[in-house]
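> need coordinates for the below:
(one chain, ligands or ions: 1)
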Amino acid sequence: MLILVSNDDGVQAEGVRALAGAMRKLGDVVVIAPDREQSAAGHSLTLSRPLRCQGLGDGWYGVDGTPTDCIALGVMGILKRRPDLVVAGINLGLNLGDDITYSGTVSAAFEGTLLGIPSFAVSLEPGDPWRFDAAAEFALVLARMIVERGLPPDTLLNVNVPNRPLSEIRRVSLTRQGRRIYSETVVEKVDPRGKTYYWIGGAEPTWDRSGDTDVEAVMAGEISVTPLHLDLTNHGALRGLRDWTFPLGQSA
Ligand code: MN
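Residues are numbered from 1 along each chain as shown. Next up, the predicted model:
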């Protein structure tokens, strides 16, 4: 077994250490992760400059790129053999609902899936202290299950874990993506030189609290497992738009 581990919080982050430690019980582990924080990098791929990869010893590498770069570089460049599993995390913060396309952690797992390798992402609810043990333990359980049973085609699993000891986690729930209620989250301020700047974020997200969603599960103290796929097509809308005829050549 060869397991490729990455994250978006950077190779020095505590979460990736906890994840790599758990995965080592299953097989050989190589960690290829951004050399600095790349949270909210989404599925960004670096094409405009070369990528540098620094070996840190013991199968650890830091890349001056995005999480997606790390997986692509690992699978197609650095690793001598193809990994059996790609695992991303443990992210410092949840990756729920509408927010997952921003997530570098989830995108690393997306990239693994695109390359045909079973992949999942693990994210942890913020807390003081961060309790990585339950997330790491569950990641190992899930990895073993995936190795044994495989995943459906073109599917990755997005896992979110409440910040509490394993003994206090109520259960594991299969969920769907929740919906974020968008609110004012851009802060406008003036810098020391008198120029206006903007900062995105700051406000706590609020969520549509209906249904069997990832949000609901984590709020109820459960581990949420959401199967995701790369097909962003809205199939219902595709049917609904079928009677649109596009009048090409009539714009004048
Ligand atoms: Mn992150």
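> show me the helices in the stretch 151-252 of the chain, by range?
Under the criterion DSSP state H, counting those that start in this stretch, the stretch 151-252 of the chain contains helices at 214-219, 235-240.
> tell me how many other residues crowd the residue in the chain positioned nearest to the ion.
Closest to the ion within the chain is residue 39: 3.3 Å, counting by C-beta to the ion. Heads up, the C-betas are built off the backbone N, CA and C, glycines and all. Neighbourhood size, residue 39 [other C-beta atoms under 10 Å]: 19.
> output the longest helix belonging to this protein.
For the chain, the longest helix by residue count, based on DSSP state H, is helix 132-149.
> could I get the average pLDDT for that one?
In this model, helix 132-149 has a mean pLDDT of 97.
> and it, what does it pack against?
Applying 3 or more C-beta pairs under 8 Å, 6 or more residues apart in numbering; DSSP states H and E, one finds that helix 132-149 contacts helix 14-23, strand 85-92, strand 119-124, strand 155-161, strand 223-229.
> kindly format the C-alpha coordinates of that helix as PDB.
What follows is helix 132-149, C-alpha atoms only, in PDB (Å, rounded to 0.1, in the frame of the first residue of the first chain):
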ATOM      1  CA  PHE A 132      -7.000  15.600  15.800                       C
ATOM      2  CA  ASP A 133      -7.300  12.100  17.400                       C
ATOM      3  CA  ALA A 134     -10.900  11.400  16.400                       C
ATOM      4  CA  ALA A 135     -10.400  12.700  12.800                       C
ATOM      5  CA  ALA A 136      -7.200  10.700  12.400                       C
ATOM      6  CA  GLU A 137      -8.800   7.500  13.900                       C
ATOM      7  CA  PHE A 138     -11.800   7.800  11.600                       C
ATOM      8  CA  ALA A 139      -9.500   8.500   8.500                       C
ATOM      9  CA  LEU A 140      -7.800   5.200   9.200                       C
ATOM     10  CA  VAL A 141     -11.100   3.300   9.500                       C
ATOM     11  CA  LEU A 142     -12.400   4.900   6.300                       C
ATOM     12  CA  ALA A 143      -9.100   4.300   4.400                       C
ATOM     13  CA  ARG A 144      -9.300   0.600   5.400                       C
ATOM     14  CA  MET A 145     -12.900   0.400   4.200                       C
ATOM     15  CA  ILE A 146     -12.100   2.100   0.800                       C
ATOM     16  CA  VAL A 147      -9.100  -0.300   0.300                       C
ATOM     17  CA  GLU A 148     -11.400  -3.200   0.900                       C
ATOM     18  CA  ARG A 149     -14.500  -2.100  -0.900                       C
END
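> that helix: how far from the chain's middle?
In terms of C-alpha atoms, centre = their mean, to the nearest Å, the centre of helix 132-149 is found 16 Å from the chain centre.
> ok, and what's touching that helix?
1, 3, 14-15, 18-19, 21-23, 25-26, 84-85, 87, 89-90, 118, 120, 122-124, 157, 159, 161-162, 164-166, 169, 172, 223, 225 (C-beta atoms under 8 Å, 6 or more residues apart in numbering).
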